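> sequence first, predicted coordinates after that:
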Amino acid sequence: MDSVARPRTLYEKIFDAHVVAEREDGTVLLYIDRHLIHEVTSPQAFEGLDKKGRSVRRPELTLATSDHNVPTSERPRGVKASTYLTREDSRIQVQKLERNVKRHHIPYFGLRSKRQGIVHVIGPELGFTLPGNTIVCGDSHTSTHGAFGALAHGIGTSEVEHVLATQTLVAVKSRNMNVVVRGRLADGVTSKDLMLYIIGSIGTAGGTGTVIEFSGPVIEDLTMESRMSLCNMSIEAGARAGLIAPDEETFAYVKRREMAPRETWDMAEAYWKTLRTEAGALFDKVVEINANDVTPTITWGTSPEQVIPINGVVPAPSDFSDPVKKESCRLALAYMGLTPGMKVADIAVDKVFIGSCTNARIEDFRAAAQILRGHTVAPNVKLALAVPGSGLVKRAAEDEGIDIIFKRAGFHWREAGCSMCVGLNEDSLAPTERCASTSNRNFESRQGTAGRTHLVSPVVAAATAIKGTLAAASQITKLAEPASRSQHVDVDVDVDAAYSSDSETLSEDSSSQSSLISSSEYSGTPTKVKRVWTAVKKPVTEHGDSMDQAYPGYYGQRAGGRSSSVSGCEHPKQAVEQVAQPATNNSRFEDNINGSVAIIKRANIDTDAIFPKQFCTTTGRTGLGHALFSNLRYNPDGSPRPSFFLNRPESRNASILLATGPNFGCGSSREHAVWALQDFGFRCVIAPSFADIFYNNAFKNGLLLAQVNADVVERIVTESNVGHSVKINLEQQTLQNDQNADIGQFEIPERRKQELLSGIGEIEATLAFYAQIKLYEELRRQMSPWYEEGLHPQTNVRRRQLVTGQGNPLVDCHKKETLAW
Ligand SMILES: CC(C)[C@@](O)(CC(=O)O)C(=O)O
Ligand code: SF4
């Protein structure tokens, strides 16, 4: 087969190895090795399962935690969600998760567990994340796990349900992008600075439709934790997944983890060593970055691409030639309360937050502690918050005395959770408060309604806390010797000890294998990024439909009963005849649309704007129209803002939404954005381009997304201005006015069109492949046993007899750690 014979990229290798069933048109059923869930994006998925009376196919391959809503205040022993979470909606969400994981026997690290933490911190630190895995989570920052050479990406809630029911996803291969980083990162410049610099260079839509492989000497030199921070923000560069080839650094990190394979380690490592892009493999896009150009970098605006060096000045709209960027700059300056030409060093902050799935690992706290040691937080900083990414990170930091440094400096030292990254708990910004935050999103109102976020590295956050204004670490006098290497205590545990002890004392053991973060000397001035665009295999204009969930092959098969095969180069090939059963309709797109158009003139409209975070605590999927764009739509007193497009009379009955700028739906995976648009009455969104996860989520729910070029955008605006409504013919992919005059064409992949027209229930369709999924699992168990060594019930029985005489900690966590206590 062509895909096997030619040199392949790392991404292609992992993808190919997980193909359960392949279709002629290129769509496949992809096996999912690891599934992470949390309380915010899973309740509707479990509800979907319940409605159909379905069970979770492989509970041991899913791992759950509560992270987004949880308070970070002290947790008393025996803490219960019912009393600890005082906000009702948050409490209900966590309790629903606890009930769901218990009913479905899913391993869960809840409030009472020392392993509780942000889903993207605990997966890797437990060894649940392994090289070569496919990993998904109803959360866009699943890209973090790509640091291990795993194919990891965010999914929507409908897909969470699909994975729970089938342990697969429907996918098409995405395009390949390579970001090569050469040169050397200056001391004190972190992978966060590097990633902000990359996003600033390629833009928040730069990676749309691609999986980014990061490579080059600078990447090879990064620690695993720095690699995680880098891959974490791939989604902010538009890519659903970022990847780094596993190497000795990776193996050393994984080997020490609780759930990593042991008996099959050698086999696993030998295989993982093959996970590299082969010489001659083609990337659709290659970007070269010179690390020498990267200085400490921060965001000044409301999009992660609006970056600036810490020693720079705030830009003016006139600095941008692109009209979309000009307008975005104007809006961002107004929102952020900044004036062009202002020095970054003069921007005072109200709060500092060190935490989130980007930068809440032990290395991040060590790096910040080195700056903070002997200093105190500036008087103008109302709150300096340190929130470890997990209970194990917190424990490790405390063992090293890092908490003392933070507390002495005036920081609040808290329990693990997402905290002020998204402010679904008590930790948030008040209106107009300005925050230096180590998180990943500076969207409007992300950290609190009308709050202002500057994304920074942990060292910049620490220096800023001390100075009170945005500052580089080089501006802070180092007052103490750095901690010695031997003082460092890593978060990993000795597996034997872990299995032989009570699960609440599992993290007692430690080792000292981590290295020091380098000192904070800063140098270099940013210059332009050198870009090299290489041979293109496929037109890059096609919508990035990377982890495409459409499954058009099914429709053909439904009519013709086509056969398909199990494939994947690491597995024996075996053809399996399978005739799918007709599935029931879930969201059929009944007819064409004829309606008036509401127009929003913005680019990069993120799902935080479409469906603000404060509504994410819902456990339902209906009646969410009231939340649509609510931060922009209403004044703080609840009165409508007359100027906002949705409040204008012409929008009242609109069924079509036109966004004039590109990259609609970027950011968070929250499917609520689609549900809210539909509840408001929209049946179609028209835009120059869409972000990947949103694209998927929309079609899953029968919301048509029509991609158009700039001319068509112009024409729709003109037609709407003269009072015409727009007719959309899906079959023909045409737009007309109500006089039947042509406006133009829109783009939609054929499989998406069929999906809408047929209204097939995707889970039913996939369940018809039961035999193939089963066969794939059998083959995988034989060929790649390491992926289930720490998980498979039989192995665990053997392990617990051999090692400890105790139960599987993952299964027993229900009993010991959380629910039954
Ligand atoms: C669940 C939600 C709050 C989320 O974690 C989801 C996501 O990023 O996909 C976010 O950060 O916006
Ligand atoms: S981005 Fe923030 S809210 Fe989302 S998982 Fe990461 S820490 Fe949690």
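Nice, thanks for sending it over. Ligands and ions are numbered 1, 2, ... in the order given.
> show me the shaky parts of the chain.
1-4, 24-25, 479-591, 760, 790, 792-821 (pLDDT under 70).
> what packs against the lengthiest strand in it?
In the chain, taking DSSP state E as the definition, the longest strand is strand 175-182. Judged by 3 or more C-beta pairs under 8 Å, 6 or more residues apart in numbering; DSSP states H and E, strand 175-182 is in contact with helix 191-202, strand 210-215, helix 217-220, strand 285-290. The C-beta positions use only the backbone N, C-alpha and C, and glycine is treated the same way.
> check which residues of it are buried.
Neighbour counts using 16 or more other C-beta atoms under 10 Å place Arg175, Asn176, Met177, Asn178, Val179, Val180, Val181 of strand 175-182 among the buried residues.
> the second one against Phe283, yeah?
In other words, Asn176. Yes - between Asn176 and Phe283 there is a contact under C-beta atoms under 8 Å: 4.6 Å.
> any idea how far the residue nearest to Pro76 when sequence neighbours are not counted lies from ligand 1?
Nearest non-adjacent residue to Pro76, counting by C-beta to C-beta, 6 or more residues apart in numbering: Tyr84, 8.0 Å away. In this view, Tyr84 and ligand 1 are 20 Å apart by C-beta to the nearest ligand atom, to the nearest Å.
> who's in contact with Tyr84?
Contacts for Tyr84 (C-beta atoms under 8 Å, 6 or more residues apart in numbering) come out as Val70, Pro71, Arg75, Pro76, Leu111.
> by neighbour count, which of these wins?
Comparing the contacts of Tyr84 by number of neighbours (other C-beta atoms under 10 Å), Val70 comes first, having 29 neighbours.
> is that residue in contact with Arg87, as I believe?
No - look at Val70 against Arg87 with C-beta under 8 Å: they stay out of range, at 10.5 Å.
> how far away is the most far-flung residue of the chain relative to its centre from Glu719?
Largest separation from the mean C-alpha position in the chain: Gln739, at 44.2 Å (C-alpha atoms, centre = their mean). As defined by C-beta to C-beta, to the nearest Å, Gln739 lies at a distance of 9 Å from Glu719.
> now do the helices in the stretch 401-550 of the chain.
402-409, 458-467, 495-500 (DSSP state H, counting those that start in this stretch).
> export stretch 158-175 as PDB, just CAs?
Provided in PDB are the C-alpha atoms of stretch 158-175 (Å, rounded to 0.1, in the frame of the first residue of the first chain):
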ATOM      1  CA  SER A 158     -20.300  14.000  21.100                       C
ATOM      2  CA  GLU A 159     -16.900  12.400  20.300                       C
ATOM      3  CA  VAL A 160     -16.400  11.700  24.000                       C
ATOM      4  CA  GLU A 161     -19.600   9.700  23.900                       C
ATOM      5  CA  HIS A 162     -18.300   8.000  20.700                       C
ATOM      6  CA  VAL A 163     -15.100   7.000  22.400                       C
ATOM      7  CA  LEU A 164     -16.800   5.800  25.600                       C
ATOM      8  CA  ALA A 165     -19.100   3.600  23.500                       C
ATOM      9  CA  THR A 166     -16.700   2.300  20.900                       C
ATOM     10  CA  GLN A 167     -13.100   3.100  22.000                       C
ATOM     11  CA  THR A 168     -12.600   4.500  18.500                       C
ATOM     12  CA  LEU A 169     -13.000   7.800  16.600                       C
ATOM     13  CA  VAL A 170     -13.900   8.400  13.000                       C
ATOM     14  CA  ALA A 171     -11.000  10.200  11.400                       C
ATOM     15  CA  VAL A 172      -9.200  11.300   8.200                       C
ATOM     16  CA  LYS A 173      -5.500  11.800   8.100                       C
ATOM     17  CA  SER A 174      -4.600  15.400   8.600                       C
ATOM     18  CA  ARG A 175      -1.900  17.400   7.000                       C
END
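> buried residues, it. List them.
Applying 16+ other C-beta under 10 Å to stretch 158-175 flags 158-175 as buried.
> overlap of the contact sets of Val70 and Arg87?
Shared contacts of Val70 and Arg87, counting by C-beta under 8 Å, 6+ apart, come down to Asn425.
> where does the closest residue to Arg670 other than its chain neighbours fall, phi/psi-wise?
Nearest non-adjacent residue to Arg670, counting by C-beta to C-beta, 6+ apart: Thr607, 5.3 Å away. Note on Thr607: its backbone torsions stand at phi -70, psi -20 [degrees, to the nearest 10].
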